[in-house]
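1. okay, structure incoming, though there's no sequence with it:
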């Protein structure tokens, strides 16, 4: 009986040491880092890619800024940075975006509606197709239940939809 008592005492002592070492090895910052990476893994692919490219910050995800209204100028700056990352020298400045028709400078400080953002992205895809950065098919399956694309944007919107860059509601 004494042997069994010693054995269970060593077992409990070993278990306590293992838990202590495990707790010391996994401090709060390590647990937060693991939790943060798990949260990032559950994000849609376009948000993970934007984070990896540096187009958006992690703080935008945590503060809920992604659902906040965006000004036209802010989206134009993001588009300009994205085009620079692609190596498109024909739209690397704000003046280039205005000249190519992607961005309307007159209302730069107004909030952007979903329709206007989609049309700005469509103009960007058309521009990238014109300069040879992508091949946009002739498809016209670019309409959503909440947005009817003008005929000139239908192939670009179909490309954006097929590449999972934009999604419709409903």
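-> Cool, got the structure. If you're wondering where the values come from, they're calculated on a predicted model, not measured in any experiment.
2. following the lowest-mean-pLDDT helix or strand in the chain in sequence, what is the next regular element?
-> None of the helices or strands of the chain scores lower by mean pLDDT, DSSP states H and E than helix 28-41, at a mean of 60. Going down the chain from helix 28-41, the next helix or strand is helix 45-53, by DSSP states H and E.
3. quick one: average pLDDT of that following helix?
-> The average pLDDT within helix 45-53 is 72.
4. stretch 159-168 too?
-> Model confidence over stretch 159-168, given as mean pLDDT, is 79.
5. check stretch 133-152 too.
-> Rounded mean pLDDT across stretch 133-152 is 76.
6. pull out the buried residues from that stretch.
-> 136, 142, 144, 147, 149 (16 or more other C-beta atoms under 10 Å). (Each C-beta comes from the backbone N, C-alpha and C, glycine too.)
7. end to end, how far does it reach?
-> 19 Å (C-alpha to C-alpha, to the nearest Å).
8. ok, residues contacting it?
-> Contact partners of stretch 133-152, identified using C-beta atoms under 8 Å, 6 or more residues apart in numbering, comprise 86, 88, 114-115, 118-119, 122, 125-126, 128-129, 153-162, 167-170.
9. from the chain's centroid, how far away is it?
-> Stretch 133-152 sits 21 Å away from the centroid of its parent chain (C-alpha atoms, centre = their mean, to the nearest Å).
10. try stretch 109-123
-> The answer for stretch 109-123 is 17 Å, by C-alpha atoms, centre = their mean.
11. which positions in that stretch come out as buried?
-> When neighbours are counted by 16+ other C-beta under 10 Å, the buried residues of stretch 109-123 are found to be 112, 118-123.
12. a markdown table for these, including distance to residue 81, secondary structure and pLDDT?
-> Below are the buried residues of stretch 109-123 laid out as a markdown table (distance: C-beta to C-beta, whole Å; DSSP: H, G, I helix; E, B strand; the rest coil; pLDDT from 0 to 100):
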| residue | distance to residue 81 | secondary structure | pLDDT |
| --- | --- | --- | --- |
| 112 | 16 | coil | 76 |
| 118 | 19 | helix | 83 |
| 119 | 20 | helix | 84 |
| 120 | 14 | helix | 84 |
| 121 | 14 | helix | 85 |
| 122 | 19 | helix | 86 |
| 123 | 17 | helix | 86 |
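13. doesn't residue 56 make contact with residue 47?
-> Yes. Using C-beta atoms under 8 Å, residue 47 is in contact with residue 56, at 7.3 Å.
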